[in-house]
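Trainee: what's the 3D shape of this:
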Amino acid sequence: MLEHAVKDSTLGTYAKALRQFLDWARKEGRTARTVDRLDFLMADYFSVLCFCTLLESSRAALTFAAVKHFLPEVGRGFPAAARALKAYQKIYVGREGEGFGEEVFGLILDALQARSKEAALVFALSVDCYLRGAEWSDLRPEDVSVPPSGPVALSLGVAERGDSTKTGPEQGVVASRPWVVNWVRAFAKRRSGDSRRDRFFAISRAQYEDHFSAVVQELRLGKFGLRITPHSARHAGATIDALIHDKGLRYIQDRGRWAAPASVKRYAKPYLIVRQNARLPVEWLDKGSKCLCYWQKWAERQ
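Mentor: Down below sits the predicted model:
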């Protein structure tokens, strides 16, 4: 049961973080045969992450969670590491992710289409439904409700399978953009005859992230100060709805499946769209708008 205390994807992430910690300790010739020594070893490791490798505090937090997961019998037995982590998070404020506007939406969608139409659909659906990576990649065919007409709904964190989203099981969202709905409907129809698949999307999360990273580099968005990652699609969905569609905080919170309003404020930041567009060349913005319009019409014809 302890193995299933976290999702499989989280377990893999924990294992990787723990391996990196142990590899560092082995390289330094350090051992920890008692809980107290392990506690101070972790605290030293956090200092290295902070002052030498200059990584964000999330890496230390992940390592701390991993050690506690694999050693549940220790409980709260890491006071030095916990204090070091608290200091790390205080002095090294990581840069929050950011979304993007409809112009950048169009640019990325167009570039993804050239690489993988399935990756492009994942991207469009992620923006529309504020999806986390684990949410779209965990979708099963039966989780995507496609009636003969009308909206399409996604069931997330199905409890009877032991699944859960970051904020709990038994959640869901209805796609709101008609062209995205039509695209999902056409995709589901084409995939319905493949009984071998156990996931709605054949593309893996790693493959999608590789495509996405390649596109961001190809478009040279970082040159203009844009910090775009696969998770930015979730930010973008909330931000576009706040600025362009004039949606309120409660609507965005419910649609994004956030437990607290404070979380919404971290994601829905309309000023970022204005700041980004002020940095991008006018011709890029014009191209992005045309690309989005083109692929919307393309999806409507599917």
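
Trainee: ok, L292 touching G101?
Mentor: No. Using CB atoms under 8 Å, L292 is not in contact with G101, being 10.0 Å away. Bear in mind the C-beta positions are built from the backbone N, C-alpha and C, glycine included.

Trainee: in the stretch 1-150 of the chain, which spans are strands?
Mentor: Secondary structure of the stretch 1-150 of the chain (DSSP state E, counting those that start in this stretch): strands located at 144-145.

Trainee: Can you pull the poorly scored residue ranges out of it?
Mentor: Along the stretch 1-150 of the chain, the model assigns pLDDT under 70 to residues 1-9, 93-97.

Trainee: One more: the stretch 151-300 of the chain?
Mentor: By pLDDT under 70, the low-scoring segments of the stretch 151-300 of the chain are 193-196.

Trainee: in which helix or strand would I find G172?
Mentor: Assigned by DSSP states H and E, G172 belongs to strand 171-174.

Trainee: List of residues touching that strand?
Mentor: Strand 171-174 is contacted by residues 129-131, 151-157, 165, 255, 257 when judged by CB atoms under 8 Å, 6 or more residues apart in numbering.

Trainee: repeat that for 7 Å
Mentor: With contacts defined as CB atoms under 7 Å, 6 or more residues apart in numbering, strand 171-174 is touched by 129, 151, 153-157, 165, 255, 257.

Trainee: try stretch 200-213
Mentor: By CB under 7 Å, 6+ apart, the surrounding residues in contact with stretch 200-213 are 112, 115-116, 118-119, 122, 133, 136-137, 139-141, 143-144, 230.

Trainee: one more time with 8 Å
Mentor: Contact with stretch 200-213 is made by 9, 108, 112, 115-116, 118-119, 121-123, 133-134, 136-137, 139-141, 143-144, 188, 191, 229-230, as judged by CB under 8 Å, 6+ apart.

Trainee: Any of those residues buried? List them.
Mentor: Listed as buried from the contacts of stretch 200-213 are 108, 112, 116, 118-119, 121-123, 133-134, 136-137, 139, 141, 143-144, 230; burial here means 16 or more other CB atoms under 10 Å.

Trainee: how about the CA coordinates for stretch 276-288, as PDB?
Mentor: The C-alpha trace of stretch 276-288 is given here as PDB (Å, rounded to 0.1, in the frame of the first residue of the first chain):
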ATOM      1  CA  GLN A 276       5.000  39.800 -23.500                       C
ATOM      2  CA  ASN A 277       3.200  41.400 -26.500                       C
ATOM      3  CA  ALA A 278       5.100  44.600 -25.800                       C
ATOM      4  CA  ARG A 279       8.400  42.700 -26.200                       C
ATOM      5  CA  LEU A 280       7.600  40.700 -29.300                       C
ATOM      6  CA  PRO A 281       8.000  42.100 -32.800                       C
ATOM      7  CA  VAL A 282       4.700  43.400 -34.400                       C
ATOM      8  CA  GLU A 283       5.100  41.000 -37.300                       C
ATOM      9  CA  TRP A 284       5.300  38.000 -34.900                       C
ATOM     10  CA  LEU A 285       2.100  39.100 -33.200                       C
ATOM     11  CA  ASP A 286       0.400  39.400 -36.600                       C
ATOM     12  CA  LYS A 287       1.700  36.000 -37.700                       C
ATOM     13  CA  GLY A 288       0.500  34.400 -34.400                       C
END
